[in-house]
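**Student:** Provide a 3D model corresponding to the input given below.
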Amino acid sequence: MAGIELSGIAKSYGGTEVLRDVDLAVGEGEFVVLVGPSGCGKSTLLRMIAGLEPISAGELRIGGRRMNEVPPRGRDIAMVFQSYALYPHMTVARNMGFPMEIAHRPKAERAGPVARAAEVLGLQKLLDRYPRALSGGQRQRVAMGRAIVRQPQAFLFDEPLSNLDAALRVEMRLEIARLHHRIGATTVYVTHDQVEAMTLADRIVVMNAGRIQQVGTPMDLYDRPANRFVAGFIGSPTMNMVEGTPVPDGLRLADGTVWPAPPGARALGIRPEHLHVSPDGTGLRAEVQLIERLGSDTNLFCEAPGVGPLLARVHGDVNVALGSTVVLTPDLARLHPFDAEGRRVVQIR
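**Tutor:** So this is what the prediction gives:
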């Protein structure tokens, strides 16, 4: 295992800058997930770590050794791509052992690592099959096994589950979590799926427009987003955001309701599960425009005049009719204040 350090990393294609001032340290054995919208630079950053893209500026170190000019084969890392990239004419066993084969390791030496990787991934009974006889999840496990047999300093995953259906994504997410628990290898994982990020990561790196917005544990980002972008990106359903006029007691919303806020706040975020339907009729009045009954929870998509759309998530079922008016009250201890530039400000008094 080895740590990965990025200092002042930048990437440009001609006059187009796609990454700027990226500083990140991934500890030995840590599982770090890069998330962000399409085009934010997360896959480019991963490819730079792998050596598949040259670094325009800054320094990359793996295990304390500068890697900027080292070719991919000299970095001692293994990468799992979105595409399985298996050789169709090779069996599962040969696909998994191929990195050792091209390194001219004797066939007898290859059998042990392949068998151990197959045991970790539950592939023991599939070693003689060809990729065409495997499911999508099994093919992805073979791709992971090929990475494991190399025993690299670090693993890189580039959206490995995006080609799978919903059920297989859940299954493979568990496989990857178990794999990291058993092997404990340093891992950098790119995904656009925040559920994958929240469930797999030791730390999440949120990126936008080529820059890091925030780095922290999943619950750090969920409970204390550094800015409005992170607040809106992390969490499903997304955080509600309301704007208002500053008054001595907080922010006055368009309907006259005042929510408490610290000086400097111009907007308040509230997660759907922290916005409650008030039983006593006091709060923000809103019309119910859509009801999602999910069994354990119900999502109420509402529209508050002058304030905008709001989503309230209530536990279980709720006796509310489409088109009716509900009164919404926030959990005041769970409000997230942001300034005019979208940055988080001091916590509410």
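**Student:** neighbours of the closest residue in space to residue 305 that isn't next to it in sequence, just the number please.
**Tutor:** Using C-beta to C-beta, 6 or more residues apart in numbering and skipping residues adjacent in sequence, the residue nearest residue 305 is residue 255, 6.4 Å away. Quick note: C-beta positions are derived from backbone N, CA and C, even for glycine. By the criterion of other C-beta atoms under 10 Å, residue 255 has 13 neighbours.
**Student:** before we move on, what about residue 9?
**Tutor:** So residue 9, with other C-beta under 10 Å, has 24 neighbours.
**Student:** and it, which helix or strand is it part of?
**Tutor:** Taking DSSP states H and E as the criterion, residue 9 maps to strand 4-13.
**Student:** so what strands line up beside that strand?
**Tutor:** strand 16-26 (antiparallel), strand 57-62 (antiparallel) (DSSP bridges).
**Student:** can you pull the buried residues of it?
**Tutor:** With burial defined by 16 or more other C-beta atoms under 10 Å, the residues of strand 4-13 counted as buried are 4, 5, 6, 9, 10, 11.
**Student:** what's the average pLDDT for that strand?
**Tutor:** Averaging pLDDT along strand 4-13 gives 96.
**Student:** can I get it in CSV? Just the C-alpha atoms.
**Tutor:** The C-alpha trace of strand 4-13 is given here as CSV (Å, rounded to 0.1, in the frame of the first residue of the first chain):
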residue,chain,number,x,y,z
ILE,A,4,-1.0,9.4,-3.0
GLU,A,5,-0.2,13.1,-2.8
LEU,A,6,-1.3,15.7,-5.4
SER,A,7,0.1,19.2,-5.0
GLY,A,8,-1.0,22.1,-7.2
ILE,A,9,-2.1,19.8,-10.0
ALA,A,10,-3.4,21.4,-13.1
LYS,A,11,-4.4,20.2,-16.6
SER,A,12,-4.9,22.1,-19.8
TYR,A,13,-5.7,21.2,-23.3
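**Student:** residues in contact with it?
**Tutor:** Contacts of strand 4-13 with the rest of the structure, by C-beta atoms under 8 Å, 6 or more residues apart in numbering, involve 17-26, 41, 44-45, 48-49, 53, 55-62, 64, 154, 186, 188, 210.
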